[in-house]
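> just to be clear, the model below is a prediction. Sequence and coordinates:
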Amino acid sequence: METVPAGDSAAEQRSTLRRHLTSFAVDVSPLRESREFRLLFIGQGVSFAGSMITYVAVPFQVYALTRSSLVVGLVSLAELIPILLMSFVGGALADAVDRRRMVRITQVSACVVVVVLVVNAALPHPQLWVLFVAVIAAAGVDALERPSLDALVPRIVARDRLTAAAALESLRGNLGQVLGPPLAGILIAAVGLPATYGVDVATFLVATVALTLMRAVPPAPDAEGVNLRAALAGLRYAKSRPDLLGSYLVDINAMFFGMPMALFPQIASGLGGPAVLGLLYTAPSVGSLLATVTSGWTRSVRHHGRAIAFAAASWGIAIVAFGFAPSLWVALLALAAAGAADMISGLFRSTLWNQTIPDAMRGRLAGIEMISYTSGPAMGNLEAGIVGSLAGVRASVVSGGILCVAGTAVLSALLPQLWKYRSAP
């Protein structure tokens, strides 16, 4: 009987272990294969990290001026109006003009808005109304930019690399969310709000340079102009796709009921101030980051609809755990679990959208998509602020998580096309 040398057996075991580890590792092939994606990845990564600093600084400043979680929630709600108004315009523009040029123009516009925040924070008596105006303007600019940014990736990355590209974009976003909030807490405490906002201004400059180095991405040959008929065509297409609508509605439900971030400044004020606030904002992103760097397994998943539903329900369960957490560290772990679930849901939603929506429609559908993933958190923060003011912080968090799980189950039953959706090989 022939025996296998011990050395060969050990080598085979090491090779098998490497293959298993590789199957979980994030796929970086889009970065290797696409120069344009590399430039976009770097520029938007730096810019997003800066935006996350402002994302923490604004609610901190609002709460410092008002001592009201409800007002913090109202600031978040203020973003919803320009998003609803401008997302359709941004989507139509994304299908009718050069997408790279559109993103560059909006990045410069967003930089101007943050300069206003710098000036207001430097005043002896900063004005609350300026924060509301700046948030509304920034949301409007983002609504114009986001459809072009989202629709840009499928044009510069091969179709069979879109899942990997979505994972890399999630990795980029999660790194920004992990690094940005704690850096914001440190900067606010060390150098004050004006300099903190100033860091965000500098990051926009980096993103603008990267976009300038990219090649043009003109509209599709069969693109329609910017008009009401084109916008309505996008709505009709979305209505004709119950699986697509289901992905939007499941996300809105999860964010509306299970979004506790408007309560973070109030929670942090009793636990240590800005440093703890940064940790609360960072914890979901840590979970998202861990889920992203081990996302290689998603390549073998075909039931994307079920994956979206299970991930949304898992977000709600983690939020319930956060509400009952007996200590800060348990709360952070629960938020990290919520972030991991949200990342997995987002990865499969993004793949569903990018693989099935025609390029000529992609900008308009990205506008509708933006409404889904921004309106939920905006309304959810208001809901959390109202319930928290009336019934207390814990009641707000726990009830929201429970309703998130229940809503996901109801939507999955009402929209079986989402539950049954399977990605083509």
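Arrived safely. Source: prediction; values computed, not measured.

> does the closest residue to residue 86 other than its chain neighbours belong to a helix or a strand, and which?
The shortest distance from residue 86 to any non-neighbouring residue, by Cβ to Cβ, 6 or more residues apart in numbering, is to residue 143 (3.7 Å). Every residue, glycine included, has its C-beta placed from N, CA and C. Using DSSP states H and E, residue 143 sits within helix 128-156.

> in that helix, what counts as buried?
Of all the residues in helix 128-156, those buried under the rule 16 or more other Cβ atoms under 10 Å are 131-132, 134-156.

> what mean pLDDT does that helix get?
For helix 128-156, mean pLDDT rounds to 91.

> what about that helix, distance to the chain center?
Taking Cα atoms, centre = their mean, to the nearest Å, one finds helix 128-156 lying 12 Å from the centre of the chain it belongs to.

> check which helices and strands the helix or strand just after it is in contact with.
Downstream of helix 128-156, the first helix or strand assigned by DSSP H and E is helix 162-191. Judged by 3 or more Cβ pairs under 8 Å, 6 or more residues apart in numbering; DSSP states H and E, the packing partners of helix 162-191 are helix 29-33, helix 35-66, helix 128-156, helix 193-213, helix 274-293, helix 328-356.

> what does the next helix or strand after the fourth one contact?
Downstream of helix 193-213, the first helix or strand assigned by DSSP H and E is helix 228-239. Counting by Cβ atoms under 8 Å, 6 or more residues apart in numbering, helix 228-239 makes contact with 88-89, 91-92, 95-96, 224, 244-245, 248, 357, 361, 364-365, 367-368, all of which sit outside it.

> pull the number of nearby residues for residue 191.
Using other Cβ atoms under 10 Å, residue 191 is surrounded by 12 other residues.

> what about it, distance to residue 183?
11 Å (Cβ to Cβ, to the nearest Å).

> what do those two both touch?
With Cβ under 8 Å, 6+ apart, residue 191 and residue 183 have no common neighbours.

> doesn't residue 55 make contact with residue 183?
No. Counting by Cβ atoms under 8 Å, residue 183 stays clear of residue 55, with 11.4 Å between them.

> among the helices and strands packed on helix 162-191, which comes closest to residue 254?
Evaluated over the helices and strands packed on helix 162-191, closeness to residue 254 peaks at helix 328-356, with 7.5 Å, by Cβ to Cβ.

> tell me what the closest one is packed against?
Going by 3+ Cβ pairs under 8 Å, 6+ apart, helix 328-356 lies up against helix 162-191, helix 242-258, helix 274-293, helix 304-324, helix 359-391.

> using a markdown table, lay out the ones you listed together with mean pLDDT and distance to residue 33.
Putting the helices and strands packed on helix 328-356 into a markdown table (pLDDT from 0 to 100; distance: least, Cβ to Cβ, whole Å) gives the following:
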| stretch | mean pLDDT | distance to residue 33 |
| --- | --- | --- |
| helix 162-191 | 84 | 10 |
| helix 242-258 | 88 | 27 |
| helix 274-293 | 82 | 19 |
| helix 304-324 | 92 | 23 |
| helix 359-391 | 80 | 19 |
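
> out of the ones you listed, which is closest to residue 82?
Among those, if distance is taken as Cβ to Cβ, the winner is helix 359-391, at 10.1 Å.

> how about the closest one: buried residues?
359-389.

> just give me the residue right at the centre of this protein.
Nearest to the geometric centre of the chain sits residue 173, at 7.0 Å (Cα atoms, centre = their mean).

> quick one: that residue from residue 253, how far?
21 Å.

> what do you get for residue 420?
Counting by Cβ to Cβ, the gap from residue 420 to residue 253 is 19 Å.

> of those two, give the one with the bigger neighbour count.
Under the criterion of other Cβ under 10 Å, the comparison of residue 420 against residue 253 puts residue 253 first, with 22 against 12.
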